[in-house]
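**Q** Fold the following and give me the result.
(chains A and B)
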2 protein chains.
Amino acid sequence: MKKIEIDTAGARSKILVGESWEKAGTFLPGTGVIIISDDNVFRLYGDKFPPFPVFCIKPGESSKKLEVIELLAERLLGAAIDRSGFILAIGGGVVCDVAGFLASVYMRGVRCAYVSTTLLSQVDASTGGKNGVNLGNAKNIIGTFLQPEFVVCDPSMLMTLPDEEYFSGLAELIKTAVIGDEKLFRLIEDHYGEVLSRDRELLELLISMAIEYKASVVSEDERETGLRRVLNFGHTFGHAIEMYKSAKHGFAVASGMELAVSYSFNRGYIDASEKERIIALLKRFDLLRFHDIPDDQLYQYIVHDKKKTGSEIYFVFTSGIGRAFAEKVPVSEIFDFYRQNRKDR
Amino acid sequence: MKKIEIDTAGARSKILVGESWEKAGTFLPGTGVIIISDDNVFRLYGDKFPPFPVFCIKPGESSKKLEVIELLAERLLGAAIDRSGFILAIGGGVVCDVAGFLASVYMRGVRCAYVSTTLLSQVDASTGGKNGVNLGNAKNIIGTFLQPEFVVCDPSMLMTLPDEEYFSGLAELIKTAVIGDEKLFRLIEDHYGEVLSRDRELLELLISMAIEYKASVVSEDERETGLRRVLNFGHTFGHAIEMYKSAKHGFAVASGMELAVSYSFNRGYIDASEKERIIALLKRFDLLRFHDIPDDQLYQYIVHDKKKTGSEIYFVFTSGIGRAFAEKVPVSEIFDFYRQNRKDR
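**A** Residues are numbered from 1 along each chain as shown, chains lettered A, B, ... in the order given. Sure thing, here's the model as predicted:
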């Protein structure tokens, strides 16, 4: 088991990688706890949940809306949860996003923690303190930064994940490797078989490496005013593809990374061999998908992007495996690049 | 003009008492500003608003709901307001509560400031950083703590207030005097006529004294884990009366203060003469109302009170004019006290 700490202004979050999720109950207060989960997770693991009331949301992105926050708040109120309450999320990114946002606004803030049940949320969504809900098609428009007190990342929970969900998470793992950890990238390359077979020991190592990198970034720049922007690598186009194609987040980000790598190459930031190496890894795990977002739709997605400021957008480039930086690029240039590189095959 | 600062972890808020509200525009960025106001305020002052898009909500408590937050967020998105945006609220407590909450969650937080147009919001709601919306009957259940960058409190705006609105604010002014500033209490007693006639100079003095006290409390305890609780003086019963009678906040708090003063007297915390002096001032301005909340309803209001932790509630007592403290009291004792003191005349 590996314990990684995220320190931000006024908050400390402990990420427990490899801890058994069944021990989460021992870290909780004795009363006033509410568990938020989804129907799938509850079906698989509900019988071993800590002994507190459970409110389940519907699985999937459609639960990320204010209406669900309002319903859950009403249920908390009905259960007489007050300011001293504690919300434990047990689920993937959607559950953690919803529960985290709820915890940050219910009674102006109650304590919270996550048991993160998917690879995507273990390596990305549940660490770092971002939460939020969507507004129509626009992702995560309403949310806050809130560091959960602890996050349990138990790789044994990943064995029950559907393939699609697992590989979606793998894409974010590769993203982390590309932007911040060349050694992690090589480990994934070198252990193709174990990654496919979900080797528990390897996963614990890969996940803790990814979280260590992310924790170092978030501890330095929780509010994304600088360094943290690099975590959005592949996400500018990724979010657009995710919306347009209703694609799973990781696959959309993988295609977004392919574009970002090519863009980095076009600008001379990365050489051909590294570009090919990154794209080869994405292809090897079959993470890339076709996409051809019409211009007007792309415009909608991009202008609503939170990374936009004025008529420019922070676009994340890589300058070699393990290195990335954000640079302001005119929105019009982003369009032009996409028009020349959409994969309408 | 008096400038009062509120310093909390990571934020500084400037309260400008006596500043002309028409100067607010000079403190704003040149672009990306959205003004949130209500129909009444816009009708009176809209022609002098700074030159930015204005979104008006309906006046009154019914606008304090998540649905309105969602609608406003959609309008911000439609106006291409991004993370670098700035929300200026021009209005009373409801407008500031809604705009402040919106600013704290839109794109995970944008900058904001208030022009506070009512006495109630100048002395209370707009300073201190609390915001939020209601959940059905339960007040301010969804919200955050967010210090606006500045708050303009221009007493000349109070001249257009309906009497009911003005006296509602006066009740919170008296509350502040009772809990924290005996000199302020005496000034209000001694200048009855000028208070009634809304003497501009006197108001500027009274408002700045009230804000100075509140700023000192909030700077020490933004999140209400201790000292700040005293600001809730009169509010435990006040909120219940407000809900049950659909009374204006200040009048409900005035009746809540009458109860809290009697409760303090019953417990021997305050002597008869000071008790009478406080109640006499509330009566002189005709702030007290009848109320007889049925037991079952009172129970609902009290168990949903954010000041509750477990089966006890922090109740605020006064130990003499200018002094107050919060003490945990069993919810059952609160009920008993109310049953013996409801004003069902």
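**Q** Can you show me the strands along the stretch 1-150 of chain A?
**A** Counting by DSSP state E, counting those that start in this stretch, the stretch 1-150 of chain A has these strands, from start to end: A:2-8, A:11-17, A:33-38, A:54-57, A:86-91, A:111-116, A:133-135, A:138-142, A:150-153.
**Q** Pull the second one out as PDB, backbone CA atoms only.
**A** When you say that, I think you mean strand A:11-17. In PDB, the C-alpha atoms belonging to strand A:11-17 read as follows (Å, rounded to 0.1, in the frame of the first residue of the first chain):
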ATOM      1  CA  ALA A  11      -6.500  21.200   2.900                       C
ATOM      2  CA  ARG A  12      -4.600  17.900   2.900                       C
ATOM      3  CA  SER A  13      -5.800  14.900   1.000                       C
ATOM      4  CA  LYS A  14      -4.500  11.300   1.500                       C
ATOM      5  CA  ILE A  15      -4.500   9.000  -1.500                       C
ATOM      6  CA  LEU A  16      -4.300   5.400  -0.400                       C
ATOM      7  CA  VAL A  17      -3.200   3.200  -3.400                       C
END
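**Q** Just checking: what are the partner strands of that strand?
**A** strand A:2-8 (antiparallel), strand A:150-153 (parallel) (DSSP bridges).
**Q** Please list all residues in contact with A:L202.
**A** Going by C-beta atoms under 8 Å, 6 or more residues apart in numbering or on different chains, A:L202 touches A:187, A:191, A:194-195. Using the backbone N, CA and C atoms, a C-beta is placed for each residue, glycine as well.
**Q** hmm, try it at 10 Å
**A** Contacts for A:L202 were tallied using C-beta atoms under 10 Å, 6 or more residues apart in numbering or on different chains; they are A:155, A:187-188, A:191, A:193-195.
**Q** Can you get me a residue count around A:R339?
**A** Residue crowding around A:R339 was assessed by other C-beta atoms under 10 Å in any protein chain shown; the count is 12.
**Q** Name the nearest residue to it, ignoring sequence neighbours.
**A** Spatial nearest neighbour of A:R339, chain neighbours left out: A:D295 (7.1 Å); criterion: C-beta to C-beta, 6 or more residues apart in numbering or on different chains.
**Q** got it, and A:F233?
**A** Using C-beta to C-beta, 6+ apart, the closest residue to A:F233 is A:V316 (4.2 Å).
**Q** still on that earlier bit, could I get the strands of the stretch 1-150 of chain A in JSON lines, plus columns for mean pLDDT, distance to A:I321 and mean neighbour count?
**A** Formatted as JSON lines, these follow (pLDDT from 0 to 100; distance: least, C-beta to C-beta, whole Å; neighbours: other C-beta atoms under 10 Å in any protein chain shown):
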{"stretch": "strand A:2-8", "mean pLDDT": "90", "distance to A:I321": "22", "mean neighbour count": "16"}
{"stretch": "strand A:11-17", "mean pLDDT": "93", "distance to A:I321": "23", "mean neighbour count": "21"}
{"stretch": "strand A:33-38", "mean pLDDT": "98", "distance to A:I321": "35", "mean neighbour count": "24"}
{"stretch": "strand A:54-57", "mean pLDDT": "98", "distance to A:I321": "38", "mean neighbour count": "18"}
{"stretch": "strand A:86-91", "mean pLDDT": "98", "distance to A:I321": "32", "mean neighbour count": "27"}
{"stretch": "strand A:111-116", "mean pLDDT": "97", "distance to A:I321": "26", "mean neighbour count": "28"}
{"stretch": "strand A:133-135", "mean pLDDT": "95", "distance to A:I321": "32", "mean neighbour count": "21"}
{"stretch": "strand A:138-142", "mean pLDDT": "91", "distance to A:I321": "27", "mean neighbour count": "21"}
{"stretch": "strand A:150-153", "mean pLDDT": "97", "distance to A:I321": "24", "mean neighbour count": "27"}
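**Q** and those as JSON lines, adding distance to B:V123?
**A** As requested, those are exported to JSON lines (distance: least, C-beta to C-beta, whole Å):
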{"stretch": "strand A:2-8", "distance to B:V123": "34"}
{"stretch": "strand A:11-17", "distance to B:V123": "32"}
{"stretch": "strand A:33-38", "distance to B:V123": "36"}
{"stretch": "strand A:54-57", "distance to B:V123": "39"}
{"stretch": "strand A:86-91", "distance to B:V123": "34"}
{"stretch": "strand A:111-116", "distance to B:V123": "32"}
{"stretch": "strand A:133-135", "distance to B:V123": "34"}
{"stretch": "strand A:138-142", "distance to B:V123": "30"}
{"stretch": "strand A:150-153", "distance to B:V123": "41"}
